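K.L.:
no sequence on this one, just coordinates:
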């Protein structure tokens, strides 16, 4: 047998193996299907891991439902694949995660959770032509002019102002102390709260500072007690807010603790125990979920799937993923720039409300709900 005949014979024998190997390649399982990677960036470790996992679960539930009833784009059935990365709630780690997702050719990312991560990471996503949907509430998140950055909830301007208005009008607070944890989120929401508090006639007795790693707030609280404040507003996260409430009780500082969306979490009651109840109030973007038919049904599906109740932003992540998928179908495109333009020009009714974005990527209208705590869970009081 000549060398050429031998080579031809071997190639015929190897063809089935080559075909099998080709089928194992991503997106090559079928000419009629296409795998679409969806990235999630959030804190999956550390103090805020509960929130990162909840956000991831919101996306996961959406993808499982989309894969169960698949949609077609450009004649191909889409199969969505979750690619979740731990950004640790840290700006430097968040930038590394953004680059990793860009290198993996992920084109749609849900997250980050923290404003301080979202602001620097958005530059990487923008340069890579990716679409980012975040719950980072600091106004600076959407101020860089990136066309494909979307804030899928109310901003600090809306949340902080609503909490201040409620405190002045309904709680009749006259004199308040403010604490912020110096993160982009904590500073941003404290700034907005103070602006509206002053407009509403409240006196800001003092503004104190801590960190998002602190556990002892006794010196700050003792100082605020001496200033005879009627309430305290905390710009920060539940892992600090919960021990803060316990220490307030221990010091005999029997005033309300107010905060933003990050305190509207079962984690607050879990960590704070009996110290967290009607004395804690928080403001969160979105309408009262349990008052909506679709919201109650979502909560039931989430609990059945993950064996626990949804936390603060799982509904928003779920809704935005569904909005993106529906926009892919309508535009017949998987190009983030095409999908992004269409997101700006359309709206979507989700389980937590209606999503529509202005030119900067902010929600055109986003109701804010005030919550307190009862029996270890957030309970809605009013929506604005």
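P.N.:
Cool, the structure landed. Note that the structure is a prediction, hence the values are computed from the model and not measured.

K.L.:
can we go C-alpha only for contacts and neighbour counts from here?
P.N.:
Fine.

K.L.:
ok, residue 279 - how many residues close by?
P.N.:
If you count neighbours by other Cα atoms under 10 Å, residue 279 ends up with 15.

K.L.:
And residue 2, what's its pLDDT?
P.N.:
pLDDT for residue 2: 48.

K.L.:
The strand or helix carrying residue 322 packs against which elements?
P.N.:
Under the criterion of DSSP states H and E, residue 322 resides in helix 314-331. The contact analysis (3 or more Cα pairs under 8 Å, 6 or more residues apart in numbering; DSSP states H and E) places helix 314-331 against helix 49-68, strand 72-73, helix 336-345.

K.L.:
and that helix with helix 49-68, angle?
P.N.:
30 degrees (axes from the mean of the first three to the mean of the last three Cα atoms, to 10 degrees).

K.L.:
With adjacent residues omitted, what lies nearest to residue 373?
P.N.:
Distances taken as Cα to Cα, 6 or more residues apart in numbering place residue 277 nearest to residue 373, at 4.6 Å, with adjacent residues excluded.

K.L.:
Need phi/psi at the one you found.
P.N.:
The phi and psi values for residue 277, taken as degrees, to the nearest 10, are phi -160, psi -130.

K.L.:
Name the SS class of the closest residue to residue 204 other than its chain neighbours, please.
P.N.:
Excluding the flanking residues, the one nearest residue 204 by Cα to Cα, 6+ apart is residue 176, at 5.1 Å. Classification of residue 176 using DSSP: H, G, I helix; E, B strand; the rest coil returns strand.

K.L.:
which residues sit in contact with residue 176?
P.N.:
The contact partners of residue 176, taken as Cα atoms under 8 Å, 6 or more residues apart in numbering, are 202-206, 229-233.

K.L.:
And these, which is closest to residue 321?
P.N.:
In terms of Cα to Cα, no member of the contacts of residue 176 lies closer to residue 321 than residue 233, at 32.6 Å.

K.L.:
I'd assumed that closest one was in a strand, is it?
P.N.:
Yes - applying three-state DSSP, one finds residue 233 inside a strand.

K.L.:
what's across from it in the sheet?
P.N.:
residue 178, residue 258 (DSSP bridges).

K.L.:
Report all helices and strands that whatever helix or strand residue 241 lives in contacts.
P.N.:
Using DSSP H and E, residue 241 maps to helix 238-250. The helices and strands touching helix 238-250, judged by 3+ Cα pairs under 8 Å, 6+ apart, are helix 218-226, helix 266-272.
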